[in-house]
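Chemist: A predicted structure for the sequence below; I have some questions about it.
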Amino acid sequence: MGTTTLSEAYRDHPLHLRHIIPLDFGSTPTVPESHVWPHSDGFSSADISGDLPVVDMRDPDAAELMGRACETWGAFQLMGHGIPMKLIEEVELEARRLFGLPAEQKLKALRSPGGATGYGVARITPFFTKYMWHEGFTIMGSPIDHARELWPHGYQQFCETMESYQKQMKLLADDVMRIMLKSLNISEQELSWLANKNLNQYHTTTAPCTALQLNSYPSCPDPNRAMGLAPHTDTFLLTVLHQTAHIDGLQISKEAGPTGSTWVPVRPANGALVVNVGDLFQILSNGRFTSVVHRVVVNQTRRQRFSVAYFYGPPADFAVSPLLSSGQQDQVVVPRYRSVTVKEYVGIKAKNLDKALSLIKI
Ligand SMILES: C=C1C[C@]23C[C@@]1(O)CC[C@H]2[C@@]12CCC[C@@](C)(C(=O)O1)[C@H]2[C@@H]3C(=O)O
Ligand SMILES: O=C(O)CCC(=O)C(=O)O
Ligand SMILES: [Fe+2]
């Protein structure tokens, strides 16, 4: 699964334990100062330019619709994806079981300072002065080692469900990737790891880098003062996200003309998965697709919210650079980004967060 080399990139940027251990949300009756966010906009959002586009994968115009959505929004809601609802529900149930464990049990599966997987706060935490109302669990490949620490006897169901979901997500992300390339008029042959299906199944060096992130936003005593997940862009090519039905929280940043940008809510739509463009796709598309800035606000209903994010990128040693569309082969097209390997970019992002993309701009 290309996990070894990606883990190396994180090992070079170890975190301090205070940037890994989540608050014991279950025994916290008020929001402590450490978790109170200043918010000039009151975390408000506006439906400025309508809702996020919905694209059905089976639509003959899917490529064009996805392309337009990725250019203008950097995201879309995906229907007709073929992932069984039952599997999605099982994943959410397992996430609920995990985050519902007592704090001391969850800490047995704590991510290590130089590690990539396990229980802990979001990786972006050190870049902010306040902590988020969030706890996460990161999986790359088999989660068996950490699952055993959580449930010495009952870990099997969790592992089977997460592995099965990752398999299905990988196939889906491969397909979405192909459609998105088609919308840019780029041949999939440009990406050897995507074009050569048989190669990438078993070889870690040619397999895409993938990760599954379970997110929990516990019920909050004062939702107006806390932040679920601070504004960020995702690092890899694309992210496929499932969010708990009926619980709002996810917002994306959208340019609103001369007045600047505004936050647009992405409400959970029945049966849909959210796909968003990450930094590496912005590079690959030479800036045509936007790596969308998004955040999660704590919902007002005081119900715990969960989300499941599948991150999909090229193999860790693959050099990502802007690709030309077939119509541009004879033209002089100026690349706006230099070539960067996935591993190298993960390192740049670990040190610079939102400055990372501008640092590789030509
Ligand atoms: C593969 C990954 C993407 C991610 C870092 C990670 O190693 C696993 C966690 C992911 C996540 C989830 C919450 C938001 C985010 C920015 C973070 O802090 O951890 C993303 C990371 C990312 O896209 O860079
Ligand atoms: O919880 C959500 O809706 C978004 C999660 C997210 O942005 C992430 O995991 O990168
Ligand atoms: Fe994200």
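Modeler: Looks like it came in fine. Values in this document were obtained by computation on a predicted structure and should not be read as measured data. Ligands and ions are numbered 1, 2, ... in the order given.
Chemist: Find the nearest non-adjacent residue to residue 287, please.
Modeler: Distance criterion Cβ to Cβ, 6 or more residues apart in numbering; nearest residue to residue 287, sequence neighbours excluded, is residue 336 at 5.0 Å. For glycine as for every other residue, the C-beta is placed from the backbone atoms N, C-alpha and C.
Chemist: if I pick the one you found, what's in contact with it?
Modeler: Taking Cβ atoms under 8 Å, 6 or more residues apart in numbering as the criterion, residue 336 is in contact with 286-287, 322, 361-362.
Chemist: Over to residue 37?
Modeler: 130, 225-227.
Chemist: And those, which two are furthest apart?
Modeler: 130 and 225 (9.9 Å; Cβ to Cβ).
Chemist: Comparing the two, which residue is more hemmed in?
Modeler: residue 225 (19 against 16; other Cβ atoms under 10 Å).
Chemist: these two touch, right, that one and residue 31?
Modeler: Yes - look at residue 225 against residue 31 with Cβ atoms under 8 Å: they come within range, at 5.3 Å.
Chemist: Residue numbers of the protein in contact with ligand 1?
Modeler: 116, 122-124, 138, 211, 213, 232, 234-235, 309, 311 (Cβ under 6 Å from any ligand atom).
Chemist: how about 5 Å then?
Modeler: Listed as neighbours of ligand 1 in the chain under the rule Cβ under 5 Å from any ligand atom: 122-124, 138, 211, 213, 232, 234-235, 311.
Chemist: What is the nearest of those to residue 294?
Modeler: residue 232 (7.1 Å).
Chemist: count of neighbours near residue 263?
Modeler: 22.
Chemist: looking at this, it is in a strand?
Modeler: Yes - according to DSSP: H, G, I helix; E, B strand; the rest coil, residue 263 belongs to a strand.
Chemist: pLDDT at it, what is it?
Modeler: You'll see residue 263 listed with a pLDDT of 92.
Chemist: Tell me what it is bridged to.
Modeler: residue 253 (DSSP bridges).
Chemist: remind me which residues of the stretch 1-150 of the chain are low pLDDT?
Modeler: Applying pLDDT under 70 to the stretch 1-150 of the chain flags the ranges 1-5, 40-50.
Chemist: I'd like the average pLDDT over the helix of greatest length in the chain.
Modeler: Identified as the longest helix of the chain according to DSSP state H is helix 156-183. What helix 156-183 shows for mean pLDDT is 97.
Chemist: in that helix, what counts as buried?
Modeler: For helix 156-183, burial by neighbour count (16 or more other Cβ atoms under 10 Å) applies to 158-159, 161-163, 165-166, 168-170, 172-174, 176-177, 179-183.
Chemist: Which elements pack onto the helix or strand just after it?
Modeler: Using DSSP states H and E, the next helix or strand after helix 156-183 towards the C-terminus is helix 192-195. Packing partners of helix 192-195 (3 or more Cβ pairs under 8 Å, 6 or more residues apart in numbering; DSSP states H and E): helix 156-183, helix 199-202.
Chemist: In contact with residue 97, which residues?
Modeler: residue 158.
Chemist: Remind me which helix or strand it belongs to.
Modeler: Going by DSSP H and E, residue 97 is in helix 85-99.
Chemist: Show the subsequent helix or strand relative to that helix.
Modeler: Criterion used, DSSP H and E; the element after helix 85-99 is helix 103-106.
Chemist: Show me the contact partners of that following helix.
Modeler: In contact with helix 103-106 (Cβ under 8 Å, 6+ apart) are residues 22, 24, 26-27, 98-99, 119, 135, 150.
Chemist: again, 10 Å this time
Modeler: Outside helix 103-106, the residues within contact range by Cβ atoms under 10 Å, 6 or more residues apart in numbering are 21-27, 98-100, 118-120, 135, 137, 149-151, 216.
Chemist: Pull out the buried positions in that helix.
Modeler: Along helix 103-106, these residues count as buried under the neighbour rule (16+ other Cβ under 10 Å): residue 106.
Chemist: does the residue of the stretch 251-362 of the chain found nearest ligand 1 count as helix, strand or coil?
Modeler: Residue of the stretch 251-362 of the chain nearest ligand 1, by Cβ to the nearest ligand atom: residue 311 (4.4 Å). Assigned by three-state DSSP, the conformation of residue 311 is strand.
Chemist: Centre of the chain to stretch 332-340, how far?
Modeler: Offset of stretch 332-340 from its chain centre (Cα atoms, centre = their mean, to the nearest Å): 25 Å.
Chemist: ok so, going back, roughly how far is the longest helix of the chain from the heart of the chain?
Modeler: The mean C-alpha position of helix 156-183 is separated from the chain mean by 13 Å, Cα atoms, centre = their mean.
Chemist: Who are the contact partners of the closest residue to ligand 2 within the stretch 101-250 of the chain?
Modeler: At 3.7 Å from ligand 2, residue 250 is the closest residue in the stretch 101-250 of the chain, using Cβ to the nearest ligand atom. By Cβ under 10 Å, 6+ apart, the residues touching residue 250 are 52, 75, 228-229, 241, 243, 263-268, 274, 276, 294-297, 305, 307.
Chemist: That one and residue 276: what is the separation?
Modeler: 10 Å (Cβ to Cβ, to the nearest Å).
Chemist: Pull up the overlap in contacts between the two.
Modeler: 52, 75, 241, 266, 294.
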